[in-house]
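J.: What would the 3D arrangement of this be:
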Amino acid sequence: MKKFRADLHIHTGLDMSPISIVNAAKEKNINLIAITDHNSTLHCKLVKELAEEKGLAVLFGAEVTTREEVHCLAYFGDDASLEQFQEYIDSYLPLTLYLPEQFGYQVLVNKVEKIIKVFVNYLNVALKQSIDQVEQEVHRMGGLFVPAHIERAMYGLFNQLGFVPEALTCDAMGIMSRSSESAIRNKFRIAGNIPLIKASDAHATEQIGLGCTIFEMNDLSFEEIKMALTGADGRRITSE
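T.: Model prediction:
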């Protein structure tokens with residue numbers, strides 16, 4: 001087994017261009033990153049293209065806001081599933097006017113960092129789908145479903161709902177970079193068979209790598225990541 005250092009919750013933006021994310025991750029000795037923009041998968045392929053040139057692995061993803069305003073991470077292993085999930089997001093994303101002068105611009109860029117699209121519809125809004133519906137759709141597409149920063153006061157699972165829905169199937173749960181795994185498990189009574197992923201939730205390059213998880217597995221494939229989360233055949237994850 002090999003050990004891979006992973007930060008699986010990173011956002012792109014004006015101060016976080018795809019190439020700056022890749023460069024920062026490499027400088028910080030990270031082997032695997034996930035691009036998890038709010039209700040958007042559109043920068044994933046570009047980041048992967050740039051990362052592959054530098055020997056960095058990228059996991060496709062998005063951070064979805066459910067109807068209950070819970071932030072949940074969805075991860076996928078192939079282009080087709082990613083595109084299908086974006087279609088799902090677009091189908092249930094409310095049209096909400098965005099004020100860039102107040103919150104900053106939402107943009108899509110190309111390889112040379114030229115802005116090719118400015119989003120006028122606010123992306124970080126709640127979908128017209130419950131957390132159960134989002135989870136079921138992610139798994140239907142073969143993805144991984146992970147409630148993000150579960151202990152956070154805003155958008156965290158336990159603050160927004162106060163409990164884990166009985167029918168909800170989580171492949172893991174995300175915790176913030178400064179949190180103690182044992183303390184979180186004790187506080188929220190999280191079973192030992194549910195993996196906890198520590199990640200940075202970076203919105204600026206200096207935040208990348210502040211929270212990382214170590215994956216012990218054979219390689220950086222999506223299937224190996226899945227197996228590490230289940231502890232299959234000696235694979236496992238641990239927090240730094």
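J.: residues of the lengthiest helix in the chain that come out buried?
T.: For the chain, the helix that runs over the most residues, judged by DSSP state H, is helix 79-92. The neighbour-count check on helix 79-92 (16 or more other C-beta atoms under 10 Å) flags 81-82, 84-86, 88-89, 92 as buried. In this view, the C-beta of every residue, glycine as well, is placed from N, C-alpha and C.
J.: Kindly report the same for stretch 58-77.
T.: By neighbour count on 16+ other C-beta under 10 Å, the buried set for stretch 58-77 is 58-66, 68-77.
J.: Then stretch 169-185?
T.: 170-177, 179, 181, 184-185.
J.: Cross these against helices and list the overlap.
T.: 181, 184-185.
J.: contacting residues for Asp233?
T.: Met227 (C-beta atoms under 8 Å, 6 or more residues apart in numbering).
J.: In the protein, where is pLDDT below threshold?
T.: Scanning the chain for pLDDT under 70 picks out the ranges 14-15, 101-103.
J.: Could I get the full set of strands for it?
T.: Ranges of strands within the chain are 2-10, 32-35, 57-65, 71-76, 107-109, 115-118, 144-147, 173-175, 196-198, 213-217, 236-239, based on DSSP state E.
J.: gap between the third one and the chain center?
T.: Looking back up the chat, that one is strand 57-65. Distance of strand 57-65 from its chain centroid, counting by C-alpha atoms, centre = their mean, to the nearest Å, is 4 Å.
J.: so which of the buried residues of stretch 169-185 comes closest to Arg152?
T.: Within these, proximity to Arg152 (C-beta to C-beta) peaks at Met176, which comes in at 6.4 Å.
J.: how close does the closest residue to that closest one other than its chain neighbours get to Asp201?
T.: Of all residues not flanking Met176 in the chain, His149 sits nearest, at 5.0 Å (C-beta to C-beta, 6 or more residues apart in numbering). His149 is 6 Å from Asp201, where distance means C-beta to C-beta, to the nearest Å.
J.: Mutual contacts of the two, please.
T.: Listed as contacting both His149 and Asp201 by C-beta under 8 Å, 6+ apart are 9, 176.
J.: Looking at those two, which one has more neighbours?
T.: His149 (25 against 22; other C-beta atoms under 10 Å).
J.: residue contacts, that one?
T.: Listed by C-beta under 8 Å, 6+ apart, the contact set of His149 reads 9, 71, 155-156, 174-176, 201.
J.: about what we covered before: the strands of the chain: which one's closest to Leu161?
T.: Of all the strands of the chain, strand 144-147 sits nearest to Leu161, with 9.5 Å by C-beta to C-beta.
J.: State the paired neighbours of that closest one in the sheet, together with their directions.
T.: Strand 144-147 has its sheet partners listed here by DSSP bridges as strand 71-76 (antiparallel).
J.: The strand it pairs with relative to helix 79-92, how many degrees between them?
T.: 150 degrees (axes from the mean of the first three to the mean of the last three C-alpha atoms, to 10 degrees).
J.: can you give me the offset of stretch 201-211 from its chain's centre?
T.: That offset, for stretch 201-211, works out to 13 Å (C-alpha atoms, centre = their mean).
J.: So in terms of bridging, what pairs with Val118?
T.: Val118 forms beta bridges with Val107, as assigned by DSSP bridges.
J.: beta partners of Thr238?
T.: Here Thr238, judged by DSSP bridges, has bridge partners Ile214.
J.: That one reaches Ile214, doesn't it?
T.: Yes. Contact criterion C-beta atoms under 8 Å: Thr238 and Ile214 qualify, at 4.8 Å.
J.: So those two - more neighbours on which side?
T.: Ile214 (16 against 13).
J.: my read: that one touches Asp7, true?
T.: No. Assessed by C-beta under 8 Å, Ile214 is found out of contact with Asp7, at 11.1 Å.
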